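Student: how would this look folded up:
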Amino acid sequence: MGVIAKGAKCTVEGCSNDGVRSLNTTKVENAGLRVSSGNKKSVLCKEHYKQWKKETKEDRELERARYDRF
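Tutor: Numbers count the residues shown, from 1 in each chain. A predicted model of the protein is given here:
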């Protein structure tokens, strides 16, 4: 059973919504979100996960392109 299934709350400062995804804390902080915990994984609610996706869209596309072969 994962952290989300146990009812973890969003770890972004000032947010207390239910978490829907857990991501690497370094990746979340690099996207400009302030995380209140010092754990390896951060829990994000639906709104903050959407914000993280918007902020990292270009980086994720470049990462995928690096591994795509003809």
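
Student: SS state for the closest residue to Lys41 other than its chain neighbours?
Tutor: The shortest distance from Lys41 to any non-neighbouring residue, by CB to CB, 6 or more residues apart in numbering, is to Ser22 (4.7 Å). Where C-beta positions appear, they are placed from N, C-alpha and C, glycine not excepted. Secondary structure for Ser22, judged by DSSP: H, G, I helix; E, B strand; the rest coil, is strand.

Student: residues in contact with the longest helix along the chain?
Tutor: In the chain, with assignment by DSSP state H, the single longest helix is helix 46-67. If you take CB atoms under 8 Å, 6 or more residues apart in numbering as the criterion, helix 46-67 is touched by 10, 12, 15, 17, 20-21, 23, 27-28, 30-33, 44.

Student: hmm, try it at 7 Å
Tutor: Here helix 46-67 makes contact (CB atoms under 7 Å, 6 or more residues apart in numbering) with Cys10, Val12, Cys15, Asn17, Val20, Arg21, Val28, Ala31, Gly32, Leu33, Leu44.

Student: tell me what the residue lying closest to Val3 once chain neighbours are set aside is bridged to.
Tutor: Leaving aside its sequence neighbours, Val3 sits nearest to Ser22 (CB to CB, 6+ apart; 5.6 Å). Judged by DSSP bridges, the bridge partners of Ser22 are Val43.

Student: do you know how far Ser22 is from Val28?
Tutor: Between Ser22 and Val28 the computed distance is 10 Å (CB to CB, to the nearest Å).
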